[in-house]
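Trainee: mind looking at a prediction? Sequence and model below.
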Amino acid sequence: MAVYTRIGAEDMAALIAQFDVGTLTSAKGIAEGVSNSNWLIETTGTDGCGARFILTVYEERTEVEDLPFFLGLLDHLAAAGCPVPRTIHDRSGAAFRQIEMGGEVKSLALIEFLPGVSADNPTSAQAHAVGGAMAQIHRAAQDFGMSRKNGMGHAAWRGFVESCQGRWAEIDPKLEAVPGLVDEVIADWPRELPQSVIHADLFPDNVLLMGDAVSGLIDFYFACTEPMAYDLAVAHAAWSFSPDGKRHDAAIGRALIEGYEAVRPLTQIERNALPLLAQGASLRFLLTRAYDWLNTPVDALVTRKDPCAFWNRLAFYRENGASVFA
Ligand SMILES: Nc1ncnc2c1ncn2[C@@H]1O[C@H](COP(=O)(O)OP(=O)(O)O)[C@@H](O)[C@H]1O
Ligand SMILES: N[C@@H](CCOP(=O)(O)O)C(=O)O
């Protein structure tokens, strides 16, 4: 469950009144997600016919200095016809606001609500559509004027390794091999791959679908400037395995890549890099999950995600990466 911040009914109504969206009729906390606090907001709408929005209060992992990048990116991609939500600017034209809550200043934004549901058991047709939508954002982001360093890149991996030092066995003794594998993957990391702004966390829960069509890509709060093929590797790891990472569905993985290439064909260099990029993607999520596993208070309202599910993917890619991406 991810609502870390409490906002009382009157404060919520006053907050929504700062936007030209009608009067607040309901605000429901959204259980999904782990990073930020989200509410489904319903208003009378400007025409009295009702309207829905998502209110996001940014928590620990989202830096306020990054908000112009994230929110500007949404507006840029939406204007280019990509299936992403627009930012609703407030009456003064600002894309985000800051308010004091319980002695702390927090940033928040109101975002367009998009219809659709996330797939628990994605099909190949859905994976194909997601690959295409990802390629569409990579293309459209080429002329977005801003860039952002990956906050979950190699330096962050080393930071997580450091902070988990001596504690891997609390999760699972086999994870003691992780620091060595991080060194190996970073040493072999390909340097010359074509870049764009990438989503960097395009898991099934960050894609809204209506049938086989993508109605929304959401949660761009890890977006950064990185090799486009790395985004595809992240999605391959996220979409083509059972949640515990023990079963790989080759048809889904192929459909994802085919859907991507229908919009933006990979270069041979990118294709050759996929086995290593997929190991890197597995390590990235293993590391954040391991950090969260060891540092989330037992009484927190959020469910910890299993780091070993990405150990299993890592092991799979180390053994089968070359043939899976051939
Ligand atoms: N623009 C949107 N339209 C519809 N639903 C959304 C939208 N943004 C978020 N949601 C809903 O809120 C949930 C959590 O949002 P998300 O951005 O993934 O949070 P977190 O950053 O905590 O992971 C999503 O799973 C989805 O159900
Ligand atoms: N996709 C990541 C978790 C990132 O959290 P999100 O709720 O912001 O998508 C994982 O599965 O580890």
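Mentor: Noted; the coordinates are in hand. Ligands and ions are numbered 1, 2, ... in the order given.

Trainee: around ligand 2, pick out the residues from this structure.
Mentor: 33-35, 201, 203, 205-206, 219, 285, 288-289, 305 (CB under 6 Å from any ligand atom). Glycine gets a C-beta too; all of them are placed from N, C-alpha and C.

Trainee: if we go to 5 Å?
Mentor: Residues of the chain found near ligand 2 (CB under 5 Å from any ligand atom) are 33-35, 201, 203, 285, 305.

Trainee: where does the stretch 151-300 of the chain dip in pLDDT?
Mentor: 298-300 (pLDDT under 70).

Trainee: what backbone torsions are found at S196?
Mentor: For S196, the backbone dihedrals (degrees, to the nearest 10) come out as phi -160, psi -170.

Trainee: just the buried residues of the residues of the chain next to ligand 2.
Mentor: Buried members of these, counted by 16 or more other CB atoms under 10 Å: 33-35, 201, 285, 305.

Trainee: those in helices, which ones?
Mentor: F285 (DSSP state H).

Trainee: contacting ligand 1 as well, which ones from the buried ones among the residues of the chain next to ligand 2?
Mentor: The subset of these lying close to ligand 1, counting by CB under 5 Å from any ligand atom, consists of 33, 35.

Trainee: domain parsing for the chain?
Mentor: Using automatic domain parsing, the domains assigned to the chain come out as 9-112, 124-325.

Trainee: hey, which of those is tucked in deepest?
Mentor: Mean neighbour count (mean count of other CB atoms under 10 Å) peaks for domain 124-325 among the domains of the chain, with a mean of 19.

Trainee: centre of the chain versus that one, how much separation?
Mentor: Mean C-alpha position of domain 124-325 versus that of the full chain (CA atoms, centre = their mean, to the nearest Å) differs by 10 Å.

Trainee: still on that earlier bit, out of the buried ones among the residues of the chain next to ligand 2, which is nearest to E42?
Mentor: Ranked by distance to E42 (CB to CB), these are led by G33 at 18.8 Å.

Trainee: in space, what's closest to H128 - neighbours in sequence excluded?
Mentor: Nearest residue to H128 in three dimensions, chain neighbours excluded: G259, at 3.6 Å (CB to CB, 6 or more residues apart in numbering).

Trainee: tell me the contacts of the one you found?
Mentor: Listed by CB atoms under 8 Å, 6 or more residues apart in numbering, the contact set of G259 reads 127-132, 135.

Trainee: repeat that for 6 Å
Mentor: Counting by CB atoms under 6 Å, 6 or more residues apart in numbering, G259 makes contact with 128, 131-132.

Trainee: so who does the residue most central in space within the chain touch?
Mentor: For the chain, the residue nearest the mean C-alpha position is D201 (3.1 Å; CA atoms, centre = their mean). Going by CB under 6 Å, 6+ apart, D201 touches F222.

Trainee: what about the strands in the chain?
Mentor: With DSSP state E as the criterion, the chain has strands at 24-29, 37-43, 51-57, 87-88, 97-101, 104-112, 195-198, 207-210, 213-217, 224-227.

Trainee: wait, which of these is closest to G81?
Mentor: Across the strands of the chain, G81 has its closest neighbour in strand 213-217 (12.3 Å, CB to CB).

Trainee: who touches that closest one?
Mentor: Here strand 213-217 has contacts from 83-84, 114-116, 129, 133, 207-208, using CB under 6 Å, 6+ apart.

Trainee: near ligand 1, which residues of the stretch 101-250 of the chain are found?
Mentor: Neighbours of ligand 1 within the stretch 101-250 of the chain, by CB under 5 Å from any ligand atom: 111, 113-114, 218-219.

Trainee: as TSV, these with distance to P173 would be great.
Mentor: What follows is those, written out as TSV (distance: CB to CB, whole Å):
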residue	distance to P173
I111	42
F113	45
L114	43
I218	37
D219	33
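
Trainee: tell me which two of those residues sit farthest apart.
Mentor: Using CB to CB, the two most remote members of these are F113 and D219, lying 13.8 Å apart.

Trainee: circling back to that earlier point, how about the domains of the chain in TSV, adding distance to V3?
Mentor: Converted to TSV, those look like this (distance: least, CB to CB, whole Å):
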stretch	distance to V3
domain 9-112	4
domain 124-325	7
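
Trainee: tell me the contacts of E270?
Mentor: Contacts of E270 by CB under 6 Å, 6+ apart are 193, 229.

Trainee: against E32, how distant is the nearest residue to R247 once chain neighbours are set aside?
Mentor: Leaving aside its sequence neighbours, R247 sits nearest to F241 (CB to CB, 6+ apart; 6.5 Å). Distance, F241 to E32, using CB to CB, to the nearest Å: 20 Å.

Trainee: so who does G93 touch?
Mentor: Shown in contact with G93 (CB under 6 Å, 6+ apart): no residues.

Trainee: the chain should start at 54 in everything you say after this.
Mentor: Yes, from this point I'll number from 54; that puts the last item at G146.

Trainee: how close does it sit to ligand 2?
Mentor: G146 sits 28 Å away from ligand 2, taking CB to the nearest ligand atom, to the nearest Å as the criterion.
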